[in-house]
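Student: For reference, the sequence and a predicted model appear below.
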Amino acid sequence: MTKIWLTLIWLLAFLPWQAQAELVIEITGGTEAALPIAIVPFGNTGFAPPEDISHVISNDLARSGRFAPLPQQDLISQPHEKAQINFQDWRLLRSEGLLVGKVDSIDGETYQVQFQLFDVYKAQQLVGKRYQVPASGLRRLAHQIADEVYQALTGEVGVFSTRLAFVTAIKNVDGTKRFALQVSDSDGANPRTVLQSKQPIMSPNWSPDGERLTYVSFENGNAEVFIQEMTSGRRNSVAAFKGLNSAPSWSPDGKKLALTLSKAGNPEIYVLELATGNLARVTHNSQAIDTEAVWMPNGNELVFTSDRGGRPQIYKVPAIGGKAERLTFEGSYNASPDISPDGQMMTMVHVQNGKFYIAVQDLTTGAVHVLTDTGRDESPSFAPNGRMILYATEQKGKGVLAAVSVDGRIHQRLGESGSEVREPAWSPIRK
Amino acid sequence: MKLVKLTAILLAITWLAGCSSLGMGKKDTDTTESDVVVEDLSAQSLGVDGENVSGSDLGGAEARVIVGEDAYQGNELNDPASPLSNRIVYFDYDSSSVRIQDQATLTAHAAYLGTHPNVTIRLIGHTDERGSREYNLALGERRALAIRQILMLQGASLEQFQVTSFGEERPAVEGHDEGAWAQNRRVELVYVGR
């Protein structure tokens, strides 16, 4: 019997779908305080839909670290709508939330999906919706429902229907590398390559509407900034001056890019107005490296890394230029800033004793908290609800992605087999 | 491994020096690292046009100088006994200061460039993998510019230089310790045709 299983596992390992490696998200700590939630497998009339919606929802909520879905065998019954629920019984499970739903095929192509989330103690519906989607939209809908549930129970916006962009590097047999810019769902599923190159790709950054990515590509031998539309794949070079063209960051209104250009002889921050191509220089410090600017949510200020004080530290400057104010004072090296959507927190790479950690700094009090512990962490990026920080780290000598909650309590690792994964960027919330 | 590559390049140059008509009209491609000589060109690229850097072009880029000049100068540039054969300068962590032991190498290159004003050199800066990738990209450029400044002070002129940085994106050695990092913090000096 064991032999048969081993053979099966072996066979499964070589099935073609394995070739499209997914980022598998694994919770590595911090779920002790998670809220129990009962998620009843969604009912269906007759044949099973191509996606197990309640399974996707359950995984999303578990992955957030804030919910602990009850094991299926603990579910005392399988209701699919309110009339079938005996709230008295469900209260015994000590789960405040109860999610039920149905998936009905309308014509084999289109599905009608409904869900209802109940407060078990109050015997009240918290949220309930009905949708019609094509089969191909079922998975995305499941993420949307997870967002609804998350928001109803936590009061915060869910980010399960967002996407992740990241760069992979795959080593060819001859030792050369292949670089790819990839986009996946927020759970690492459905990865697709949006750009492939033999030269490095760096620094992906989403437009505020989530429709475009800007990034750095070395395809022409030099660091050059591109913008690419996600749906059409159409792309164009927006900065290819002499020297570095790098570190693009979209302004909150989507109309401008902050960039690092060294065309004047030294890396300086510029703002490029996309409609006119008008370029305005922001920093003027010919001795220092000024780079990786990001926007404050108000769109009026930029936060960037500079070694004008001798070592890399983080500064803030008006986007129209002006006096720069130093923000980081703890530690000899602070770089790669990203600002939370509410503008209250900054995450950055922070060095202690020669090791590189992800830290957050409260922009009001200046208090710094180190969130990670591998010592090889870089490229932090806030989730669009500001709850989690996605970053790149190293595991067994290979680049992997990880995420940590802003309070440092919840840790996740996103591992993909075969390739080096780096430079994650979390998309905005889909409108 | 480096030696094998160097030998291969030298052989290619010797051979190409005999073929005077080779590739002179071709536009120079921008990629110059010897590590990328053996790219698999059949690999599918999505929408990356104009990126088809081929191995022969790279060999050609090395060789064109020789073809463009006379064979004797080529030999001078590639004589393993000459400091000119040393084409990599290494740096300390987060530093762009040239070490004393590299001064002789740079003096020789500066002299060569000074006496061969038609020769162009590409300076490619790199860093180790630690810390911010964007900062490292800028640091790689700063290292290349530091080399340029020294070469210019000793007789080379501004038009002879192309400066590029790959930051930490193109390590010479894979590895996550000081042994690897020390070899990755470097500027490569690559002669190209004009």
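Tutor: Here it is on my side, so go on.

Student: all contacts plus neighbour counts: C-alpha atoms, from now on.
Tutor: Fine.

Student: quick one, strands of chain B?
Tutor: Using DSSP state E, the strands found in chain B span residues B:88-90, B:120-126, B:161-167, B:186-192.

Student: for the shortest one, packing partners?
Tutor: When you say that, I think you mean strand B:88-90. Strand B:88-90 sits against helix B:178-184, strand B:186-192, with contacts defined as 3 or more Cα pairs under 8 Å, 6 or more residues apart in numbering or on different chains; DSSP states H and E.

Student: Need the strands of chain B in CSV (columns: mean pLDDT).
Tutor: Shown next, in CSV, are these (pLDDT from 0 to 100):
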stretch, mean pLDDT
strand B:88-90, 97
strand B:120-126, 97
strand B:161-167, 97
strand B:186-192, 96
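
Student: With adjacent residues omitted, what lies nearest to A:Glu273?
Tutor: Nearest non-adjacent residue to A:Glu273, counting by Cα to Cα, 6 or more residues apart in numbering or on different chains: A:Lys256, 4.5 Å away.

Student: For that neighbour, list the residues it contacts.
Tutor: Residues near A:Lys256 by Cα atoms under 8 Å, 6 or more residues apart in numbering or on different chains: A:Trp250, A:Val271, A:Leu272, A:Glu273, A:Leu274.

Student: Next up, phi/psi of it, please.
Tutor: Phi and psi for A:Lys256, reported as degrees, to the nearest 10, are phi -130, psi 160.

Student: Show me what the longest helix along chain A is in contact with.
Tutor: The longest helix of chain A (DSSP state H) is helix A:138-154. If you take Cα under 8 Å, 6+ apart as the criterion, helix A:138-154 is touched by A:50-51, A:53-54, A:56-58, A:60-61, A:97, A:115, A:117, A:126-127, A:133, A:156-161.

Student: run the last query once more with 6 Å
Tutor: Around helix A:138-154, the neighbours that count as contacts under Cα atoms under 6 Å, 6 or more residues apart in numbering or on different chains are A:Ile53, A:Ile57, A:Val157, A:Gly158, A:Phe160, A:Ser161.

Student: Identify, from the residues you listed, the entry nearest to A:Val400.
Tutor: If you rank the contacts of helix A:138-154 by distance to A:Val400 using Cα to Cα, A:Phe160 comes first, at 20.1 Å.

Student: For that closest one, which three-state class applies?
Tutor: Using DSSP: H, G, I helix; E, B strand; the rest coil as the criterion, the local structure at A:Phe160 reads coil.

Student: What is the neighbour count of the residue nearest to it when sequence neighbours are not counted?
Tutor: Counting by Cα to Cα, 6+ apart, A:His143 is the residue found nearest to A:Phe160 once chain neighbours are left out, at 5.2 Å. By other Cα atoms under 10 Å in any protein chain shown, 27 other residues sit near A:His143.

Student: so how far is A:Ala324 from A:His143?
Tutor: Note on A:His143: its distance to A:Ala324, by Cα to Cα, to the nearest Å, is 41 Å.

Student: same thing with B:Leu139?
Tutor: Counting by Cα to Cα, the gap from B:Leu139 to A:Ala324 is 21 Å.

Student: which of those two has more neighbours?
Tutor: Neighbours per residue (other Cα under 10 Å) separate B:Leu139 from A:Ala324, with B:Leu139 holding more: 25 against 17.

Student: I am finished for the moment; much appreciated.
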